[in-house]
Each structure stands twice: as structure tokens, then as C-alpha cells.
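In: Here is a sequence together with a model predicted from it:
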Amino acid sequence: MTDYYGTGRRKAAVARVRLRPGEGKIKINGKEISDFKDYLDNDGWVRHALRPIVATEQMGKFNFVIRVNGGGLSGQAGAIRLGLARALIQFNPDLKAILRKEGLLTRDSRVVERKKYGLKKARRSPQFSKR
């Protein structure tokens with residue numbers, strides 16, 4: 001049995017996604033879970049992470065083995081999404097056109113801007129007092 005592998009990154013999160021032909025079992029960080037909602041908490045994040053599977057109509061055809069670390073759940077959902085898309089291309093290169101059209105193969109490079117000295121946050125300056 002062949003595994004299809006993809007790595008996804010978003011913010012500080014890294015997801016290593018392995019797709020195995022199967023009936024839809026999910027294993028994240030070594031734990032068997034019944035649904036992505038059990039790990040990602042938020043329906044929006046679950047929909048975001050599963051976009052490549054839904055767009056290519058591959059739901060229920062694979063078992064997911066995912067190792068994800070770093071960042072928060074939002075970044076991890078984005079990392080899983082990119083990892084899934086890349087693994088699907090390994091499975092069937094013909095799906096690349098669909099995934100590209102949906103914008104699922106582009107790495108979202110936005111990261112948190114660093115804090116600057118003299119400021120409270122990256123851009124927020126201290127309150128100005130005239131007197």
C-alpha cells in the first residue's frame with residue numbers, strides 16, 4: 001500500500017500529512033480521532049483544512065495520518081490544508097489544475113510582524129500627552 005506525502009506550513013505551524021487509501025480514519029499527532037472537529041475545535045478551521053479534499057471530491061477515500069506542531073490552531077489548519085493539497089498531487093497529478101484554480105497550492109507567507117523598540121506592539125505607539 002502506498003502513502004502519499006505532503007508538507008504544509010503556515011505562520012509558525014508545520015504539518016506533515018500522509019494519505020493512505022482507506023475509509024476515512026483520522027490520526028493526528030499519534031491520536032485516533034473520529035472527526036477533525038475534535039482537534040481543530042472550530043467549524044471554520046475544519047472547513048479550511050479540508051478544502052483540498054472537498055474540492056477534488058476525495059472525501060472518504062483516504063486515511064489521514066498527520067503530524068502537526070507549532071503555532072496555534074488557525075495556523076495548523078492552514079498548514080494541514082497545504083499538506084493535504086500537496087499529498088493529493090502525489091496521488092494524482094491531474095488534480096493539480098483543480099487545486100491551482102482554487103488557490104490551494106499557494107503557501108500563505110504572512111507571519112506576525114516583529115515588535116519595534118519604543119512602541120507597545122509592532123505599530124502601536126505609546127499614547128501622546130501634550131501636557
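Out: Perfect, thanks for sending it.
In: Residue ranges in this protein under the pLDDT threshold?
Out: Along the chain, segments meeting pLDDT under 70 span 1.
In: in it, which spans are strands?
Out: 4-10, 13-21, 26-28, 31-33, 62-69 (DSSP state E).
In: Give me the neighbour count for residue 22.
Out: Neighbour count of residue 22, defined by other Cβ atoms under 10 Å: 13. Placement of C-beta: from N, CA and C, glycine included.
In: show me what contacts it?
Out: Taking Cβ atoms under 8 Å, 6 or more residues apart in numbering as the criterion, residue 22 is in contact with 61, 62, 63.
In: and if you look at residue 37?
Out: With Cβ under 8 Å, 6+ apart, residue 37 has these contacts: 43, 46.
In: now do the same end-to-end measure for stretch 24-39.
Out: 15 Å (Cα to Cα, to the nearest Å).
In: still on that earlier bit, which one of the contacts of residue 22 sits closest to residue 98?
Out: Using Cβ to Cβ, residue 61 comes nearest to residue 98 of the contacts of residue 22, at 15.1 Å.
In: The nearest residue to the closest one once chain neighbours are set aside bridge partners, please.
Out: The shortest distance from residue 61 to any non-neighbouring residue, by Cβ to Cβ, 6 or more residues apart in numbering, is to residue 21 (6.8 Å). Beta-bridge partners of residue 21, counted by DSSP bridges, are residue 62.
In: Reformat the strands of the chain into TSV and put mean neighbour count and distance to residue 40 next to each item.
Out: Listed next are the strands of the chain as TSV, based on neighbours: other Cβ atoms under 10 Å; distance: least, Cβ to Cβ, whole Å:
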stretch	mean neighbour count	distance to residue 40
strand 4-10	20	13
strand 13-21	20	12
strand 26-28	17	9
strand 31-33	11	10
strand 62-69	20	10
